[in-house]
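*Asks:* turn this into a model:
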Amino acid sequence: MLYSKTVKKTLCIGISVCLGILMLSGCGENWEEVKETTDSSSKSSAEQNEFTTEYTATDTATIEIKDYGTIKVALDAKNAPITVENFKNLANSGFYNGLTLHRIMAGFMMQGGDPQGTGMGGSDKTIKGEFRNNGVNNPLSHTRGAISMARNSQSMDSASSQFFICHSDSTFLDGSYACFGYVTEGIEVVDSICADAKPVDDNGTIPKENQPIITKITIG
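*Replies:* Presented below is the predicted three-dimensional model:
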């Protein structure tokens, strides 16, 4: 793989992120914040190696998407215990059943779990952000198939119910978002959803009538 191609891809993704990265409450990152996060991907090899895709599977989540199929995700409560417990509680309560994927950016990620379907909603609680920049030693990296929590840019502890799955490696998010597991089966479902998506803006917004539906999420 040529270095120039890698740089171009990183810059393209970075620009997309600058237009609104992983919003939870309708308040996206501004350019300065995102640029700083993106620039962190240029750290030394030693610093980058602090992150890993080696996980401890403590639970399995099965995410069923209407008309697309099933995605199985290994959850890692060892590295992100609060995040996994919150996700499990919401799934077990049926919170996610019938919600949608409201934001899809092919080559980056797909995001859902908002009861409003707009990127501005969540559950009735927020949780601590389990990532390095928030004082938590979570080494899990945002590579293809990683599942992580969305949050707003005003608070590191604003994650609630919205989650995203990385369509492609997005390691510039490492240390700033709480990765808590990885897709083990059904990555082709993620590919299909991202391929079919027709966002109406550069932020990945999917019109309500076209949002893929999360039939249900089960744990076990």
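*Asks:* R132 versus T126, what's the distance?
*Replies:* Here the distance between T126 and R132 works out to 19 Å (C-beta to C-beta, to the nearest Å). C-beta here means a position set from N, CA and C on the backbone, and glycine is covered the same way.
*Asks:* A74 - how many residues pack around it?
*Replies:* By the criterion of other C-beta atoms under 10 Å, A74 has 19 neighbours.
*Asks:* before we move on, what about F163?
*Replies:* 29.
*Asks:* residues in contact with it?
*Replies:* F87, Q111, G112, G113, I147, S148, M149, A150 (C-beta atoms under 8 Å, 6 or more residues apart in numbering).
*Asks:* could you redo the last one with a cut-off of 7 Å?
*Replies:* F87, G112, G113, I147, S148, M149, A150 (C-beta atoms under 7 Å, 6 or more residues apart in numbering).
*Asks:* can you select the buried ones from those in PyMOL?
*Replies:* Entered in PyMOL, the line below selects the buried ones among the contacts of F163, by 16 or more other C-beta atoms under 10 Å:
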select buried, resi 87+112+113+147+148+149+150
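*Asks:* among the contacts of F163, which are located in strands?
*Replies:* With DSSP state E as the criterion, strands contain G112, I147, S148, M149 from among these.
*Asks:* columns pLDDT and distance to T52 on top of these, output as TSV?
*Replies:* Converted to TSV, the ones in strands among the contacts of F163 look like this (pLDDT from 0 to 100; distance: C-beta to C-beta, whole Å):
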residue	pLDDT	distance to T52
G112	98	26
I147	98	15
S148	98	14
M149	98	18
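*Asks:* how about the strands in the chain?
*Replies:* Taking DSSP E as the criterion, the chain carries its strands at 59-65, 69-75, 101-105, 109-112, 146-149, 163-166, 179-185, 214-219.
*Asks:* buried ones in the last one?
*Replies:* Across strand 214-219, burial judged by 16+ other C-beta under 10 Å covers I214, T215, K216, I217, I219.
*Asks:* farthest pair in the residues you listed?
*Replies:* Pairwise distances across the buried residues of strand 214-219 peak at 14.8 Å for T215 and I219 (criterion: C-beta to C-beta).
*Asks:* which one of the buried residues of strand 214-219 is nearest N92?
*Replies:* The shortest separation between N92 and any of the buried residues of strand 214-219 is 5.9 Å, and it belongs to I219 (by C-beta to C-beta).
*Asks:* what does the model give the closest one for pLDDT?
*Replies:* Among the per-residue scores, I219 holds a pLDDT of 98.
*Asks:* list the contacts of it.
*Replies:* D59, A61, K88, A91, N92.
*Asks:* so what's the third one scoring on pLDDT?
*Replies:* The reference is to K88. Looking at K88, its pLDDT stands at 98.
*Asks:* could you do Y68 as well?
*Replies:* 98.
*Asks:* ok, and the closest non-adjacent residue to G181?
*Replies:* Leaving out its chain neighbours, the residue that sits closest to G181 by C-beta to C-beta, 6 or more residues apart in numbering is L75, at 4.2 Å.
*Asks:* that neighbour contacts F180, doesn't it?
*Replies:* Yes: distance between L75 and F180: 6.1 Å, which falls inside the contact criterion (C-beta atoms under 7 Å).
*Asks:* overlap in contacts, these two.
*Replies:* Counting by C-beta under 7 Å, 6+ apart, the contacts common to L75 and F180 are V84, F87.
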